[in-house]
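Asker: What follows is a predicted protein model with its sequence.
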Amino acid sequence: MPGAPRHHLHSTSAPVIPVPPIPDAVTQALSAMGVELDSGDADRLRGYLEALRAANERFNLTAITDPAEMWVRHVQDSLTLVPFLASAEAKRVIDVGTGGGLPGLPLAIVMPDIRMTLLEATGKKAAFLQETIDALGVTNARVVHERAEVAGQDHHQHRAHYDAVVARAVARLNTLAELTVPFAREGGAVLLIKGSQAAEEVAEAKQALYMLHAQVVDLHKTDTGTIIVLEKPRATPRSYPRAPGEPKRKPLK
Ligand code: SAM
């Protein structure tokens, strides 16, 4: 009706923006990777995508807001790491630069036996993550609001503390390796979701990986990207990671 008053929501919590249930194609793609979801998992993943969409109205968390695309590029892509975490028998896992919770939050939802740390430098994003894991009842995830360069030098709580380190879309490998490898215990795994440039990034990061005592053991193509698998046979030299900003400003070479 022309001239009808417009109603504005003044609630402090964001309005729910509905997301349809998981598409069959995504269920099938997950099943082909050996990932079977129960209905509780699917509901919580959907609730997570709804929270992400709603929060994205307030501040930028993701450029992908079409629901079908969110299921593939956020949920399916994150869960490509499940078989790697399962075969590594990882219990303690950290997601470095998790942003709105990717890939760590979907992984925590479908793998209740892992303990997931979501590490994020931006306060607003960390606050969104804490609200969301509380609302969804994801008790096996915790949020750490800190820079990777600082947490990676915290010998008591984080450094060499994790069986596996995961990350997606944080930096090129020559920078990202310095931000992630220090968190892995000796013999631990680093699983990085990358795009089609993965092989070029590996070539560019050769010297950085050598200096960090890490090596590439697999480049695994999935339907949505490429997983770079690093192994850390020996401790990371104490000087890495360098001071905040240095890994990006002056990548190791
Ligand atoms: N991993 C998420 C994804 O795939 O959607 C977020 C990607 S977003 C492009 C990169 C995120 O990494 C941002 O939220 C940023 O704040 C965070 N980040 C970048 N450098 C970081 C650092 N040194 N320590 C912690 N977080 C960092």
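Answerer: Done, it's in. Numbers count the residues shown, from 1 in each chain.
Asker: where do the helices sit along the protein?
Answerer: 24-32, 39-56, 67-70, 77-79, 82-87, 104-110, 123-136, 148-151, 173-180, 198-204, 206-211, 246-249 (DSSP state H).
Asker: and Leu192, which of the ones you listed is closest to it?
Answerer: helix 173-180 (6.3 Å; Cβ to Cβ). Quick note: C-beta positions are derived from backbone N, CA and C, even for glycine.
Asker: what packs against that closest one?
Answerer: strand 92-96, helix 148-151, strand 162-168, strand 184-194, helix 198-204, helix 206-211, strand 226-231, helix 246-249 (3 or more Cβ pairs under 8 Å, 6 or more residues apart in numbering; DSSP states H and E).
Asker: The longest one - which strands sit beside it in the sheet, and in what orientation?
Answerer: Using DSSP bridges, the neighbouring strands of strand 184-194 in the sheet come out as strand 162-168 (parallel), strand 226-231 (antiparallel).
Asker: and Trp110, how many neighbours?
Answerer: Residue 110: Val, not Trp. Val110: 20 surrounding residues under other Cβ atoms under 10 Å.
Asker: for Pro182, that is, sorry about that
Answerer: Around Pro182 there are 31 residues (other Cβ under 10 Å).
Asker: surely it meets Arg159?
Answerer: Yes: Pro182 lies in contact with Arg159 (Cβ atoms under 8 Å); the separation is 5.5 Å.
Asker: Now do the shared contacts for the two.
Answerer: 152-153, 236 (Cβ atoms under 8 Å, 6 or more residues apart in numbering).
Asker: sorry, back to before: could the strands paired with strand 184-194 be laid out in JSON lines, adding mean neighbour count, distance to the ligand and mean pLDDT?
Answerer: Below are these laid out as JSON lines (neighbours: other Cβ atoms under 10 Å; distance: least, Cβ to the nearest ligand atom, whole Å; pLDDT from 0 to 100):
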{"stretch": "strand 162-168", "mean neighbour count": "26", "distance to the ligand": "4", "mean pLDDT": "98"}
{"stretch": "strand 226-231", "mean neighbour count": "21", "distance to the ligand": "13", "mean pLDDT": "98"}
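Asker: can you put those strands in TSV and add distance to Gly100?
Answerer: Listed next are the strands paired with strand 184-194 as TSV, based on distance: least, Cβ to Cβ, whole Å:
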stretch	distance to Gly100
strand 162-168	11
strand 226-231	20
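Asker: neighbours of Ala177, just the number please.
Answerer: Neighbours of Ala177 (other Cβ under 10 Å): 31.
Asker: I'd guessed it sits against His213; true?
Answerer: No: using Cβ under 8 Å, Ala177 and His213 do not qualify as a contacting pair, with a distance of 10.4 Å.
Asker: what's the closest of the shared contacts of Pro182 and Arg159 to the ligand?
Answerer: Distance to the ligand, by Cβ to the nearest ligand atom, is smallest for Gly152 among those, at 8.7 Å.
Asker: Quick check: that closest one vs Asp41, distance?
Answerer: Gly152 sits 31 Å away from Asp41, going by Cβ to Cβ, to the nearest Å.
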